[in-house]
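Engineer: A predicted structure for the sequence below; I have some questions about it.
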Amino acid sequence: MRFDDPTARDPRPDRERQVGRAFVELADTLVDDYDTLDLLDRLVTHCVHLLAADAAAIMLADAGGELRTVASSSEDAEFIELLQLQAGDGPCMQCFRYAAPVSAPDITTTDRWPAFTEAATSRSLFRSVHALPLRLRGDAIGALNLMHHRPGPLPAQDLALGQALADVATIGILAERSIRRSEVLAEQLQTALNNRVVIEQAKGILAQQAGLTIAEAFDRLRDYSRRNNLRLADVARAVTAGQVEPATVAERRGTARRR
């Protein structure tokens with residue numbers, strides 16, 4: 001149900017249900033098919049829907065402590081993350097560095113990250129960026145970026161909800177590490193990074209063979225995986241290996257059924 005569904009009598013119960021569903025999905029790390037990449041992809045999707053963000057993305061630190069983009073709701077969001085990595089600074093990177101929230105209500109008027117700001121404003125993608133740490137106590141393993149086309153602060157209640165969602169996802173990842181013991185977090189994160197490469201390859205194949213934009217290709221890939229209760233990386237791997245026809249994945253159907 002959309003927030004603006006004219007048939008809804010009161011949007012608050014619907015929002016409450018969506019918040020509850022988000023927390024259940026992010027906390028459920030004991031299932032057999034738990035996958036870090038799917039968890040983070042669902043996190044950015046929930047953030048866009050629940051926090052009225054135009055886009056969201058997540059960076060995680062790899063085994064060497066370097067930040068890498070592992071989930072994004074759009075190509076523009078992923079590009080913003082790339083700009084931060086190239087500039088060596090920005091809201092998300094500062095957030096990770098200090099394990100604390102960082103808000104930039106208008107990136108065109110801030111002088112905190114000159115290289116990033118210049119690159120971002122020249123492309124006019126987003127005007128405000130709010131970064132929230134994926135952390136447990138004082139340690140951060142990554143950061144969540146919320147992006148808006150218009151400038152302005154994020155309401156305090158939205159910042160609190162966004163941080164709560166990020167915290168639950170972090171606890172889930174670290175709880176899984178505790179269950180499987182040593183080094184599993186680094187392995188999970190590295191696997192997520194490797195899977196991201198396969199997903200990018202599959203997006204390119206779908207875009208080329210089905211005449212889609214990269215953004216549309218990713219939407220079809222994600223819809224197909226959720227509609228068929230398959231992991232995103234597994235579908236991407238099947239596409240790149242020729243085990244699934246790109247036209248089948250690219251076919252637009254109704255709303256994807258969530259697991």
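Structural biologist: Thanks, I have the structure now. The structure displayed is predicted, hence computed values, not measured ones. Numbers count the residues shown, from 1 in each chain.
Engineer: so which strand or helix has the closest residue to F218 other than its chain neighbours?
Structural biologist: Of all residues not flanking F218 in the chain, K203 sits nearest, at 5.2 Å (C-beta to C-beta, 6 or more residues apart in numbering). For every residue, glycine as well, the C-beta is placed using N, CA and C. Using DSSP states H and E, K203 falls within helix 184-210.
Engineer: any idea how far T213 is from A119?
Structural biologist: Per C-beta to C-beta, to the nearest Å, T213 is found 22 Å from A119.
Engineer: neighbour count winner among the two?
Structural biologist: More neighbours surround A119 than the other of T213 and A119, with 19 against 11 (other C-beta atoms under 10 Å).
Engineer: now the more buried one. Nearest residue, chain neighbours left out?
Structural biologist: Spatially, and ignoring its direct neighbours in sequence, A119 is nearest to L83 (4.7 Å; C-beta to C-beta, 6+ apart).
Engineer: how far off centre is the helix holding K203?
Structural biologist: Taking C-alpha atoms, centre = their mean, to the nearest Å, one finds helix 184-210 lying 14 Å from the centre of the chain it belongs to.
Engineer: immediately after it, which helix or strand?
Structural biologist: Counting by DSSP H and E, the next helix or strand C-terminal to helix 184-210 is helix 214-227.
Engineer: just the buried residues of that following helix, please?
Structural biologist: Under the neighbour-count criterion of 16 or more other C-beta atoms under 10 Å, helix 214-227 has E216, A217, F218, D219, R220, L221, R222, D223, Y224, S225, R226 buried.
Engineer: got a pLDDT number for R12?
Structural biologist: Here, the pLDDT recorded for R12 equals 50.
Engineer: just to be sure, A71 is in a strand?
Structural biologist: Yes - using DSSP: H, G, I helix; E, B strand; the rest coil, the assignment for A71 is a strand.
Engineer: was I right to think it contacts L43?
Structural biologist: Yes - A71 is in contact with L43 according to C-beta atoms under 8 Å; the separation is 6.9 Å.
Engineer: name the residues contacting each of those two.
Structural biologist: Shared contacts of A71 and L43 (C-beta atoms under 8 Å, 6 or more residues apart in numbering): I58.
Engineer: shaky segments in this structure?
Structural biologist: 1-13, 26-34, 175-185, 253-259 (pLDDT under 70).
Engineer: helices of that one, start to end?
Structural biologist: Assigned by DSSP state H, the chain shows helices spanning 11-27, 36-50, 75-87, 91-98, 114-123, 156-180, 184-210, 214-227, 232-240, 246-250.
Engineer: present those helices as a markdown table; the columns should include distance to P105.
Structural biologist: Formatted as a markdown table, the helices of the chain follow (distance: least, C-beta to C-beta, whole Å):
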| stretch | distance to P105 |
| --- | --- |
| helix 11-27 | 24 |
| helix 36-50 | 18 |
| helix 75-87 | 16 |
| helix 91-98 | 11 |
| helix 114-123 | 13 |
| helix 156-180 | 12 |
| helix 184-210 | 30 |
| helix 214-227 | 26 |
| helix 232-240 | 33 |
| helix 246-250 | 38 |
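Engineer: do you know which of these lies nearest R135?
Structural biologist: helix 156-180 (6.1 Å; C-beta to C-beta).
Engineer: number of residues surrounding the closest residue to R127 other than its chain neighbours?
Structural biologist: Nearest residue to R127, sequence neighbours excluded (C-beta to C-beta, 6+ apart): P151, at 4.2 Å. As a burial measure, P151 scores 14 neighbours (other C-beta under 10 Å).
Engineer: got it, and the one 10 residues further on?
Structural biologist: Number of residues near L161 (other C-beta under 10 Å) recorded here: 19.
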